[in-house]
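# Sequence first, predicted model second:
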Amino acid sequence: MTDRHWYEVPFRVFQTNIREIDAGLDVEAVADDVVGFGANVWLLNAAGIVSFYPTKLDFQHPSPWLSERPSGDLIGDAVEAAHKRGVRLIARCDFSKLHQDVYERHPDWFYVSPAGQPQVYNGLYSCCPNAPYYQEKAFEVIGEVLDRYAVDGFFFNMFNHPLRDYSGVYHGICQCAHCRARFAEATGMELPRAEEWTKPAYVRWREWSRGVLHDLAGRVRAFIKERRPDVALILRHNPDVTMNEVNNAVDRPLPLWRYWAGEFGREARTAYPERPAVQNSVMFLDLPYRFTAEQPGLIGLELAQTISQGVNPWAYVIGTTRNQPDRKNFAIVRRMLTFHRDNAALYDGLRSAAQVAIVSSVRSEERVAFAHGGEQGAAQVRNAMRGAYRALVEGHVPFDILPDDQLVAASKDGRLRRYRALVLPNVAVLDDEQAAALDAFVEAGGGLVATYETGAYTPEGRLRNDLALASLGARRILSRRSAPSTIGLSDVRGIHRPMRSSYLRVTRREDLPGFDDTDLVMLDRAFLTVEAREGATPSLALIPQSRSGPPEKIYWDYETDHPGLLHRAHGAGRTAYFTWPVDALFYDHSLPEHRALLVQAVATVAGGQQVVAEAPPQVEVVVGQRPDGSHLVHLINHSGHQDRSYHDPLPIYDVGLGLGIEASQARALVAGQALPVERADGRTRVRLPRLDVFEAIHLR
């Protein structure tokens, strides 16, 4: 098609994040390297902290090393070199900081800490997104670049509110005059001085601060489009192309979330299916170690997840391709980007064909944190989502991620109807319109799995008398039990009882298939005693806290009939409701019975499994559909991950797939071979002889 912009066709980015001393780089050689990596987009520093062209704006600082260039203009030379090779050039701008001389002339452009101090890092002063530099002068920079150069897009680094510096030092919420005035005007509240979850102003500030960036990005995008409709804005907020960065950090605590790349891809492509997305895999270890290359196993895993979700891959180095002292991951980046290049036609228009979606909820994280008084509350919701995510991956269930703010729109435009089941992992906050959309989805024949406090709170964080979802097997929460180490939401009607050393007795084997030797399921943290709705089928009976020592006393005195799982038919659909945080417990402890309960609940309400895989849990299955009706099935090998290590994954042999897809031909694109296709039990069956990093099977 000729009526699409360049960024609406699959592309691959290689970024050279250059230093000011690299202004004399050999553009011909580096452009050749970009092409050699399989990329067709070169992302290069242009303006902001340092300009790499002879700017006429007195608040910009051109690199002194531009004098090494005969032209004195790196951007002009780079655009010419890139376009000669059919490569797009993206201008990287960083408006987050400026030099001291600009600070002395325009102090109102800059961040002010709660202590009244600027934020200074390596001699650079942090700017505030609400102040005139971002709100006005940045447009002059963008306009100057657009007027001078045929760049193909813009990317803005550090496009955020500068609460922390590059070393992770916390400076706090900006208190500049612009922030105070704009926050008061928008909310009628006084700007918070600290991140205090118990303060309504702080919760409101989080929403407002996201809105500031969203509105600013929208103005920038409109400004660019008015001048050059073909130029892309690549950003997280309100862009033409949604972007994300996945990286490592030397101080990041275990467990590492190795599914970060896939999580972004699933959510970005589900929330805005018509908008392209791109994801940056950082090729170095961490900010303090930019010249130590990241483990190739991690880079390969990130790029495999990115590509499988129909997201455009991106990799980057500090400096240029010609001055890297550690090149151990060059080969895997070249391999993955070249694969995407060679199969780009198959990724054009690729959409997820998953029949299950997890509903994510930033609002629930924030409102639960507000009620709990801290980040620990937000972690309860976040870990529930990640536990459900990992359970579905290990259970070979293809799925999307739908943000809760898209629920109503997805119900109205028909997107919800393509799913057989939705999973709500402790989506504690639902408004009435969202609840109505979910109940209508079930009534029309959809399946729904919900856990713990899903639908228990209003958008304001108030406890509901009845759960928001009429389709669930529970009408209301009667009491809460929580472990002493767990901070629970306040409920004056509840009774605080300890949960450590509690269990759930398996009462229905069909809810835990394959675990005939398991009679008790470990329970910790929390449990809700509920009033069941008429027609609900109970499962998993609570055994309250038992003694854990000494051995002579470790037995319990009684069991209850309080259900840990309630099944219910609602209209033409079905729901499964766990009255305890099964997903968060799986995230923490990885017990296979917790995973099996979640996966089986999804299969039960969905009326079956989309994929039957003969493969270990380390194999992730992603199913996509092309505009011509053919399918791409990606298999990702996670076997190389071990704590902080990402080794080359072990080969996995003889992987069998049974798919609810009509197909007569199958080709493994990585292996470059046709696969035999059989039809049995209503499924298309293929068998892959060997899986290494990943495979993409084209089914026609």
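Cool, the structure landed.
# What are the phi and psi values at the residue nearest in space to the middle of the chain?
In the chain, the residue lying closest to the centroid (CA atoms, centre = their mean) is residue 264, at 2.8 Å. Dihedral angles of residue 264 (phi, psi; degrees, to the nearest 10) stand at phi -60, psi -50.
# Excluding covalently adjacent residues, which one is nearest to it?
residue 244 (4.2 Å; CB to CB, 6 or more residues apart in numbering). Every C-beta, even on glycine, is put in place using the N, C-alpha and C of the backbone.
# In terms of residue numbering, what are the domains of this structure?
The chain breaks down by automatic domain parsing into domains covering 6-94+240-349, 356-609, 612-699.
# which of those has the lowest average pLDDT?
Note on the domains of the chain: domain 356-609 shows the lowest mean pLDDT, a mean of 91.
# ranges for the strands of the stretch 401-550 of the chain?
Here the stretch 401-550 of the chain has its strands, by DSSP state E, counting those that start in this stretch, at 421-424, 447-451, 474-482, 502-505, 520-523, 526-532, 537-543.
# Which helix or which strand is home to residue 184?
helix 177-187 (DSSP states H and E).
# Which elements pack onto the following helix or strand past that helix?
Under the assignment DSSP H and E, the closest C-terminal helix or strand after helix 177-187 is helix 200-227. Contact here means 3 or more CB pairs under 8 Å, 6 or more residues apart in numbering; DSSP states H and E; on that basis helix 200-227 packs against helix 138-148, strand 153-156, helix 177-187, strand 232-235, helix 362-372.
# Mind putting those into TSV with distance to residue 498 and mean neighbour count?
Below are these laid out as TSV (distance: least, CB to CB, whole Å; neighbours: other CB atoms under 10 Å):
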stretch	distance to residue 498	mean neighbour count
helix 138-148	55	17
strand 153-156	50	26
helix 177-187	40	15
strand 232-235	48	24
helix 362-372	18	23
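# These: which one's closest to residue 3?
strand 232-235 (15.8 Å; CB to CB).
# hang on, the earlier thing: what lies in contact with the helix holding residue 184?
108, 128, 130-132, 135, 173, 189-191, 201, 204-205, 208, 211-212 (CB atoms under 8 Å, 6 or more residues apart in numbering).
# Isn't residue 506 up against residue 540?
Yes. The pair residue 506 / residue 540 is scored as a contact, 6.7 Å apart, by CB atoms under 8 Å.
# Can you check the distance spanned by stretch 440-453, start to finish?
Distance between the boundary residues of stretch 440-453 (CA to CA, to the nearest Å) amounts to 20 Å.
# Numbering from 55 from now on, please.
With the count now opening at 55, the last piece we talked about shows up as stretch 494-507.
# how about it: buried residues?
With burial defined by 16 or more other CB atoms under 10 Å, the residues of stretch 494-507 counted as buried are 495, 496, 500, 501, 502, 503, 504, 505, 506, 507.
# can you pull up the bridge partners for the fourth one?
It refers to residue 501. As for beta bridges, residue 501 partners with residue 475, residue 628 under DSSP bridges.
# is it true that it touches residue 478?
No. The criterion here is CB under 8 Å, and residue 501 misses it with residue 478 at 11.4 Å.
# Need the outlier residue of this structure, farthest from its centre.
residue 606 (48.2 Å).
# thinking again about what came up before, more neighbours: residue 560 and residue 594, which one.
residue 594 (25 against 20; other CB atoms under 10 Å).
# which residues touch that one?
558, 559, 560, 561, 562, 565, 575, 617, 618, 619, 651.
# Let's see that with 6 Å instead.
558, 618, 619 (CB atoms under 6 Å, 6 or more residues apart in numbering).
# and the second one, how many residues sit next to it?
Summarising burial for residue 618: neighbours were counted as other CB under 10 Å, giving 25.
# Where do the helices of the stretch 405-554 of the chain begin and end?
For the stretch 405-554 of the chain, the helices defined by DSSP state H, counting those that start in this stretch cover 416-426, 429-448, 461-467, 486-497.
# Residue 667: which of the strands of the stretch 455-604 of the chain is closest?
strand 475-478 (17.5 Å).
# Show me what the closest one packs onto, helices and strands only.
strand 410-414, strand 501-505, helix 646-660 (3 or more CB pairs under 6 Å, 6 or more residues apart in numbering; DSSP states H and E).
# can you redo the ones you listed as JSON lines with distance to residue 636?
JSON lines is the format used below for these (distance: least, CB to CB, whole Å):
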{"stretch": "strand 410-414", "distance to residue 636": "14"}
{"stretch": "strand 501-505", "distance to residue 636": "6"}
{"stretch": "helix 646-660", "distance to residue 636": "5"}
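# which of those sits most buried?
Counting by mean count of other CB atoms under 10 Å, strand 501-505 has the highest mean neighbour count of the helices and strands packed on strand 475-478, with a mean of 28.
# which outside residues touch it?
474-480, 496, 627-632, 636-637, 655-656, 659-660.
# how about the strands of the stretch 455-604 of the chain in a markdown table, adding distance to residue 141?
Output for those, formatted as a markdown table (distance: least, CB to CB, whole Å):
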| stretch | distance to residue 141 |
| --- | --- |
| strand 475-478 | 41 |
| strand 501-505 | 46 |
| strand 528-536 | 57 |
| strand 556-559 | 58 |
| strand 574-577 | 55 |
| strand 580-586 | 54 |
| strand 591-597 | 57 |
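# Tell me which of those strands approaches residue 168 most closely.
Residue 168 lies closest, by CB to CB, to one member of these: strand 528-536, at 34.0 Å.
# Do you have the strands of the stretch 105-254 of the chain handy? List them.
Under DSSP E, counting those that start in this stretch, the stretch 105-254 of the chain gives strands at 142-148, 151-152, 174-175, 178-180, 207-210.
# One more: the stretch 655-754 of the chain?
Ranges of strands within the stretch 655-754 of the chain are 665-668, 673-679, 685-691, 695-696, 699-700, 706-713, 720-722, 727-729, 731-734, 737-745, 748-753, based on DSSP E, counting those that start in this stretch.
# Which among those strands is found nearest to residue 516?
Closest approach to residue 516 among those (CB to CB): strand 673-679, 38.9 Å.
# Next, the angle from the closest one to strand 685-691.
160 degrees (axes from the mean of the first three to the mean of the last three CA atoms, to 10 degrees).
# List the buried residues for strand 673-679?
Of the residues in strand 673-679, 673, 674, 675, 676, 677, 678, 679 count as buried by neighbour count, 16+ other CB under 10 Å.
# For stretch 180-190, measure first residue to last.
Stretch 180-190: ends 16 Å apart by CA to CA.
# Show me what that stretch is in contact with.
149-151, 163-165, 173, 216, 228, 230, 232-233, 236, 266.
# buried residues in it?
The neighbour-count check on stretch 180-190 (16+ other CB under 10 Å) flags 180, 181, 182, 183, 184, 185, 187, 188, 189 as buried.
# Now do the same for the fifth one: its pLDDT.
Put plainly, it is residue 184. pLDDT, residue 184: 98.
# what does the second one give?
On the pLDDT scale, residue 181 is placed at 98.
# For it, which non-adjacent residue is spatially closest?
residue 187 (4.9 Å).
# Report the separation between that neighbour and residue 259.
21 Å (CB to CB, to the nearest Å).
# picking up where we left off before, same list, the helices and strands packed on helix 254-281, but as JSON lines with distance to residue 610 please.
JSON lines is the format used below for those (distance: least, CB to CB, whole Å):
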{"stretch": "helix 192-202", "distance to residue 610": "65"}
{"stretch": "strand 207-210", "distance to residue 610": "59"}
{"stretch": "helix 231-241", "distance to residue 610": "52"}
{"stretch": "strand 286-289", "distance to residue 610": "56"}
{"stretch": "helix 416-426", "distance to residue 610": "30"}
